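> I'll drop the sequence and a predicted model, then ask my questions.
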Amino acid sequence: MSAWLLAVVAGVVVALTQYGLRELRTGGAFTVVAALLRAAVVSLVVALLLDAPLGFAAPASAWVALDVSSSMVRDDSTTWRAARDSLTRAQRAGGGAAESVFVFGDSIRRGSDAGTPSDPTTRLRPVVERALGAGHPLLIITDGEIDDPDAAASLPAGSRLVVLKHPPRRDLGVVSIDAPRALVSGDTVEVRVTLAAGGGGAAPGSLSLTLNDRPIATAPVDSMAPFAERTVSVKARLQGASGSTLLKAAVSSPGDSNAHDDTLSVAVDLSRAASAVFVSTSPDFDARYALSVLRGSLGIPSRGFFRVAPGEWRADGSLAPASEADVRQALHDAPVAIIHGDTAIFGPPRAATAGPLALLVTTGTEGEWYPSAAPLSPLAPSLSGVVWDSLPPVGLSPNVPKGSWVGVEARRGRGDERRPVVVGMEEPRRVAVIAASGLWRWKFRGGVSGDAFTAVWGSVFDWLAAERADHRAAVPDERVVRAGDPVRWRRGSAADSLVTVVVQQHGAPRGDTLTLRFPPGVSVTQTPPLAAGVYDVTTRGGSVLLPVNPSREWLPRSPTVKAGEQTRSTLSADAAPRIRGAGWAYALAILLVCVEWVLRRRRGMR
């Protein structure tokens, strides 16, 4: 009521100022009444300006929001029936108002949904934002498996969560597959499959890998505790025709209650020959992560060789022995060669190969140097979005050759001394020198630093190959794509800012045409989610398979929010009626002004 108090004070002050105490004492009843009318008019106008309340705020009625994501029917619908019963009780307690009932999952809709829950995601934030805007507390009925649990902290005051736990059942699901995006047909690689158990744990079972529905490897899986996760590594030989193929992981376990999460598929590009050969004399995280950029983010079929002891070499993936002569020959014939560690292991590095060459110098590094900028160079467009201040320090070699350009430079500590991190030479062939160690810390930290690691190595490898080895204009960026998640696309050519792709599901009569936009400095964009299935993606330069796996709602996971969770936020809207919404207030103000004017004229006042 502070608005009304301020309005009354303003009216009294204006009336006293215009009429004065002397005039009020000597002017008679007509003058007093006119002054009171002036005070009333001014008070009413100020109240309208402040939109003062017309009464005390009444408690806002609660809205009911029902979770209709697929996870609600992951068991035998026991949880869904309990949720419907809770909704019925809430409607009875609230008078049965249909306009106060919402359902949510991948979106929020008004009204109770009597059908089978099928939303592929569970996002709480749209519900919270809508309730905050209207000023209503919420009664959330859910199984607790929320994709954005932090949104619960912003619930309006008086809100409550009803979390209906799933009955503990045995389940074993495939969460993710970590495999190279591109490799040479016939190579043996390590495939890492992450598994998760349900609320009742999982009995011992087995994991199998298939390539285009052809079995390639199996592995046993031990029993798992409730909601436990485990990563199983399987070495498999991937061999097939060149092009995009489907790698599928499947698990089986006695008593498994959910078949929707038993398989997971990713696309792998097979090639007849390697587009790059990576040789490391001192294998470390720098070598491992740089090779993963070649095979993963850039999708370049590559072969790697690691020296584990003097004169003893191993092939990456299978760790099969390789002779030094074979390594030397592979390096010599490589379209793109990368030497990590002792760059003179096979003599002068420029004589060891005939193609573009990258030298990763890790010996003799000193001090802590902080990457600070990307000067003008062929790498600059790809590095324009890197936040240099957020990157961990690296060690730099004291002897860095002069090149045609400097791609990345660093400074010692926070001082002004600067040294190049990446330099390049154009003639007589392309050579890049990366005179730093410890870049693996960027990848290990993840987030913005991990993106910077991929951007630096990707730009170097792209420049060496003159253009991306993958000639397709755009390819899916995520290794595992699920229903309900936006599809992220990575630009294939730096020159393409507008890319058209045709996406057609297997068995569908026609496909959909999507237009991807890549503004300057942006290499990844996204499009709306797709339904589960296998899609053929066609674009300029080639095609690729896009498997869209079942929603993550089918995966076993523990609740991410707690029942009855209290919040400290306040309602964003006042439930009390406001004077601006009352038409009589405007009419009353005009009427009072007219009456005051008549009284003033009768007293001879202007």
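Looks like it came in fine.
> which of the helices or strands spans the nearest residue to residue 593 once chain neighbours are set aside?
Leaving aside its chain neighbours, residue 593 sits nearest to residue 41 (5.4 Å; criterion: Cβ to Cβ, 6 or more residues apart in numbering). Using the backbone N, CA and C atoms, a C-beta is placed for each residue, glycine as well. Using DSSP states H and E, residue 41 sits within helix 29-50.
> show me where the stretch 401-550 of the chain has its helices.
Using DSSP state H, counting those that start in this stretch, the helices of the stretch 401-550 of the chain run over residues 440-445, 447-464.
> which outside residues touch the longest one?
Which is helix 447-464. By Cβ atoms under 8 Å, 6 or more residues apart in numbering, the list of residues contacting helix 447-464 from outside reads 276, 289-290, 293-294, 297-298, 300, 336, 338, 356-358, 378-379, 382-383, 385-388, 390-392, 407-408, 422, 424, 430, 432, 434, 439-443, 468, 494.
> okay, now the closest residue in space to residue 105 that isn't next to it in sequence: neighbour count?
Distance criterion Cβ to Cβ, 6+ apart; nearest residue to residue 105, sequence neighbours excluded, is residue 119 at 2.5 Å. By the measure other Cβ atoms under 10 Å, the count of residues near residue 119 is 22.
> repeat for residue 235
For residue 235, the neighbour count with other Cβ under 10 Å is 13.
> then residue 257?
If you count neighbours by other Cβ under 10 Å, residue 257 ends up with 18.
> contacts only, for it.
Counting by Cβ under 8 Å, 6+ apart, residue 257 touches 75, 169-171, 198, 200.
> ok, residue 50 next?
By Cβ under 8 Å, 6+ apart, residue 50 lies in contact with 3, 6-7.
> filter these down to the ones in helices?
Those of these mapping onto helices are 3, 6-7, per DSSP state H.
> circling back to that earlier point, what's the closest of the helices of the stretch 401-550 of the chain to residue 20?
Nearest of the helices of the stretch 401-550 of the chain to residue 20, taken as Cβ to Cβ: helix 447-464 at 69.0 Å.
> list the buried ones in that closest one?
Neighbour counts using 16 or more other Cβ atoms under 10 Å place 449, 451-464 of helix 447-464 among the buried residues.
> hang on, the earlier thing: how about CSV for the contacts of residue 50, with distance to residue 123 and neighbour count added?
CSV is the format used below for the contacts of residue 50 (distance: Cβ to Cβ, whole Å; neighbours: other Cβ atoms under 10 Å):
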residue, distance to residue 123, neighbour count
3, 38, 16
6, 42, 16
7, 43, 21
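> will you turn the residues you listed into a markdown table that also has pLDDT and distance to residue 128?
Formatted as a markdown table, the contacts of residue 50 follow (pLDDT from 0 to 100; distance: Cβ to Cβ, whole Å):
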| residue | pLDDT | distance to residue 128 |
| --- | --- | --- |
| 3 | 82 | 29 |
| 6 | 87 | 33 |
| 7 | 84 | 35 |
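> which residues of the stretch 151-300 of the chain score low on pLDDT?
Scanning the stretch 151-300 of the chain for pLDDT under 70 picks out the ranges 297-298.
> and the helices in it?
For the stretch 151-300 of the chain, applying DSSP H, counting those that start in this stretch gives helices covering 285-295.
> where along it do the strands fall?
Using DSSP state E, counting those that start in this stretch, the strands of the stretch 151-300 of the chain run over residues 160-163, 172-178, 182-184, 187-197, 205-211, 214-221, 229-238, 243-252, 263-271, 276-280.
> partners of the fourth one in the sheet?
Meaning strand 187-197. Here strand 187-197 has these sheet partners by DSSP bridges: strand 172-178 (antiparallel), strand 229-238 (antiparallel).
> one more: the fifth one?
Based on DSSP bridges, the strands next to strand 205-211 in the sheet, each with its direction, are strand 214-221 (antiparallel), strand 243-252 (antiparallel).
> of all the residues in that strand, which ones are buried?
205, 207-211.
> ok, residue 546 touching residue 481?
Yes - counting by Cβ atoms under 8 Å, residue 481 is a contact partner of residue 546 at 6.6 Å.
> now list whatever residues contact both of those two.
487, 530.
> which one of these two is surrounded by more residues?
Between residue 546 and residue 481, counting by other Cβ under 10 Å, residue 546 is the more crowded of the two (25 against 22).
> what sits closest to the more buried one if chain neighbours are left out?
Nearest to residue 546 is residue 535, by Cβ to Cβ, 6+ apart, at 4.2 Å.
> OK, contacts around the one you found?
Residue 535 is in contact with 503-506, 545-548, counting by Cβ under 8 Å, 6+ apart.
> for PyMOL, write the select line for the buried members of the residues you listed.
Selection of buried members from the contacts of residue 535 for PyMOL, criterion 16+ other Cβ under 10 Å:
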select buried, resi 503+504+505+545+546+547+548
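> tell me the one of the contacts of residue 535 nearest residue 477?
Within the contacts of residue 535, distances to residue 477 taken as Cβ to Cβ reach their minimum at residue 546, with 11.0 Å.
> list the contacts of that closest one.
Counting by Cβ under 8 Å, 6+ apart, residue 546 has contacts 267, 476, 481, 487, 503, 530, 534-537.
> just the ones of these in strands?
Taking DSSP state E, the ones among these that sit in strands are 267, 476, 481, 487, 503, 534-537.
> distance to residue 19 added to the residues you listed, as CSV?
Below are the ones in strands among the contacts of residue 546 laid out as CSV (distance: Cβ to Cβ, whole Å):
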residue, distance to residue 19
267, 86
476, 79
481, 77
487, 74
503, 78
534, 85
535, 81
536, 86
537, 82
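> any idea how far residue 588 is from residue 40?
For residue 40, the distance to residue 588 (Cβ to Cβ, to the nearest Å) stands at 9 Å.
> ok, now which ones touch residue 47?
Shown in contact with residue 47 (Cβ under 8 Å, 6+ apart): 3-4, 7, 579, 585.
> likewise residue 386?
Applying Cβ under 8 Å, 6+ apart to residue 386 gives the contacts 374, 451-452, 455-456.
> from these, pick the one nearest residue 68.
Out of the contacts of residue 386, the member with the shortest distance to residue 68 (by Cβ to Cβ) is residue 451, at 34.8 Å.
> distance of the closest one relative to residue 196?
Look at residue 451 and residue 196: by Cβ to Cβ, they are 27 Å apart.
> now swap in residue 553 and tell me
Taken as Cβ to Cβ, the span from residue 553 to residue 196 is 13 Å.
> check residue 180 too.
23 Å.
> equivalent analysis for residue 353, please.
Separation of residue 353 from residue 196 (Cβ to Cβ) stands at 44 Å.
> give me phi/psi at the residue lying closest to residue 70 once chain neighbours are set aside?
Closest residue in space to residue 70, ignoring its immediate chain neighbours: residue 553 at 3.9 Å, by Cβ to Cβ, 6+ apart. As for residue 553, its main-chain torsions (degrees, to the nearest 10) stand at phi -60, psi -20.
> and residue 553, what does it touch?
With contact set as Cβ under 8 Å, 6+ apart, residue 553 has these partners: 69-71, 74, 119-122, 145, 484.
> repeat for residue 340
Residue 340 neighbours (Cβ under 8 Å, 6+ apart): 278-282, 286-287, 290, 360, 362.
> out of the residues you listed, who has the most neighbours?
In the contacts of residue 340, the most neighbours by other Cβ under 10 Å go to residue 279, 29 neighbours.
> residue 540 contacts residue 500, correct?
Yes - distance between residue 540 and residue 500: 7.5 Å, which falls inside the contact criterion (Cβ under 8 Å).
> what do these two both touch?
With Cβ under 8 Å, 6+ apart as the test, residue 540 and residue 500 both reach residue 473.
> count the residues that sit near residue 398.
Neighbour tally, residue 398, other Cβ under 10 Å: 10.
> residue 501 now?
Residue 501: 25 neighbours (other Cβ under 10 Å).
> what's across from it in the sheet?
residue 514, residue 539.
> that one and residue 513 touch, don't they?
Yes - between residue 501 and residue 513 a contact is recorded at 7.5 Å, counting by Cβ under 8 Å.
> nothing else from me, thank you.
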